[in-house]
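> here are the coordinates; sequence isn't available:
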Ligand SMILES: C[S@@+](CC[C@H](N)C(=O)[O-])C[C@H]1O[C@@H](n2cnc3c(N)ncnc32)[C@H](O)[C@@H]1O
């Protein structure tokens, strides 16, 4: 039985980045294709609210974009900035709340790809987030917002597993739904991360709470953010030539929002 640590995975950016960072390419290509296809402006400056370790920001910076982001977790922000600096870019990630921030100079595009938005616990916070992002964007700028909707038909995904390895470090992770409450709109998730290093094997046990959105609830929310129009919807296969309609059994969606 490995040592077990009850902790927040976001406090271990190295492990987070290994697990989620290895999957960057499809999202990265999709972002570039979406900028090309849907933006009404030339994209030079990109912002990521809840950027975490900046697994996508670093790739975008290396591709020539000016990037910045914010995140509540100071350890993730340090990790993001240290890596940006190591590759010769400015330390442009800041500790901040994605539902309450301002930027000094507007951005051409923003993105939030894998459910981070669902960390926001209330409708008020979600509306405030959309307003902050709209204020941070120049006219015609895009916000790519990816999340799992709660399907109203069919069965929702109940668990997901990932594995990744870099050098001597390997991480296996497992995430499962403990409870979904459609009244409070809270999904309670359990997570385990098994970490293997040459000298130690241990498990991080974590849990988190995501706000739930049916397609209708998401539509209602977006109607409270009139600064944005929904220009297209995709799923997590990130096929730019294959947008999807949102059906009652749709789960993973990337909303392409454009600032009016
Ligand atoms: C699933 S991670 C995603 C990180 C990054 N966007 C990515 O794609 O790898 C979610 C991130 O949201 C951050 N977070 C949660 N609530 C936040 C808030 N209110 N404002 C800013 N960041 C927040 C967490 O600290 C964590 O780094």
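Cool, got the structure. All values derive from a computational prediction rather than experimental measurement.

> is it fair to say residue 233 lies in a helix?
No: under DSSP: H, G, I helix; E, B strand; the rest coil, residue 233 falls outside any helix and is assigned strand.

> ok, it - how many residues close by?
15 (other CB atoms under 10 Å). Heads up, the C-betas are built off the backbone N, CA and C, glycines and all.

> List the contacts of it.
Neighbour list for residue 233: 243-246, 253-256 [criterion: CB atoms under 8 Å, 6 or more residues apart in numbering].

> how about residue 121, secondary structure?
The assignment at residue 121 comes out as coil when based on three-state DSSP.

> gap between it and residue 166?
Between residue 121 and residue 166 the distance is 33 Å, computed by CB to CB, to the nearest Å.

> repeat for residue 237
In this structure, residue 237 and residue 166 are 25 Å apart, going by CB to CB.

> Could I get the contacts of residue 233 in a markdown table, plus columns for secondary structure, distance to residue 4 and pLDDT?
As requested, these are exported to a markdown table (DSSP: H, G, I helix; E, B strand; the rest coil; distance: CB to CB, whole Å; pLDDT from 0 to 100):
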| residue | secondary structure | distance to residue 4 | pLDDT |
| --- | --- | --- | --- |
| 243 | coil | 43 | 98 |
| 244 | coil | 40 | 98 |
| 245 | coil | 44 | 97 |
| 246 | coil | 40 | 97 |
| 253 | strand | 35 | 98 |
| 254 | strand | 35 | 98 |
| 255 | strand | 38 | 98 |
| 256 | strand | 41 | 98 |
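
> Angles on the backbone of residue 146, please.
When read as degrees, to the nearest 10, the backbone of residue 146 gives phi -110, psi 130.

> try residue 27
Its backbone dihedrals place residue 27 at phi -70, psi -40, with angles given as degrees, to the nearest 10.

> Surely it touches residue 113?
Yes: A contact is recorded between residue 27 and residue 113 when judged using CB atoms under 8 Å, the distance being 5.3 Å.

> Name the helix or strand for residue 189, please.
Under the assignment given by DSSP states H and E, the secondary-structure element containing residue 189 is strand 186-196.

> What is that strand packed up against?
If contacts are counted by 3 or more CB pairs under 8 Å, 6 or more residues apart in numbering; DSSP states H and E, strand 186-196 sits against helix 13-21, strand 169-181, strand 201-211.

> For it, give me every contacting residue.
Applying CB under 8 Å, 6+ apart, the set of residues contacting strand 186-196 is 2, 9, 12, 15, 19, 118, 150, 169-181, 201-212.

> how about 7 Å then?
Strand 186-196 is touched from outside by 2, 9, 15, 170-180, 201-212, with contacts defined as CB atoms under 7 Å, 6 or more residues apart in numbering.

> Now which of these would you call buried?
9, 15, 171-173, 175, 180, 204, 206, 208, 210-212 (16 or more other CB atoms under 10 Å).

> quick one, strands of the stretch 51-200 of the chain?
In the stretch 51-200 of the chain, the segments counted as strands under DSSP state E, counting those that start in this stretch are 66-71, 93-95, 107-112, 137-148, 159-166, 169-181, 186-196.

> looking at those strands, which is closest to the ligand?
Proximity of the strands of the stretch 51-200 of the chain to the ligand was assessed by CB to the nearest ligand atom; the nearest stretch is strand 66-71, lying at 4.4 Å.

> for the stretch 151-260 of the chain, which spans come out with low pLDDT?
Judged against pLDDT under 70, the stretch 151-260 of the chain has no low-scoring part.

> and the residue of it found nearest the ligand, bridged to which residues?
When CB to the nearest ligand atom is the measure, the stretch 151-260 of the chain has its nearest residue to the ligand at residue 208, with 8.8 Å between them. Beta-bridge pairing of residue 208 under DSSP bridges involves residue 189.

> so what pLDDT did the residue of the chain found nearest the ligand get?
With CB to the nearest ligand atom as the measure, the residue in the chain that lies nearest the ligand is residue 52; the distance is 2.7 Å. At residue 52, the pLDDT value in this model is 98.
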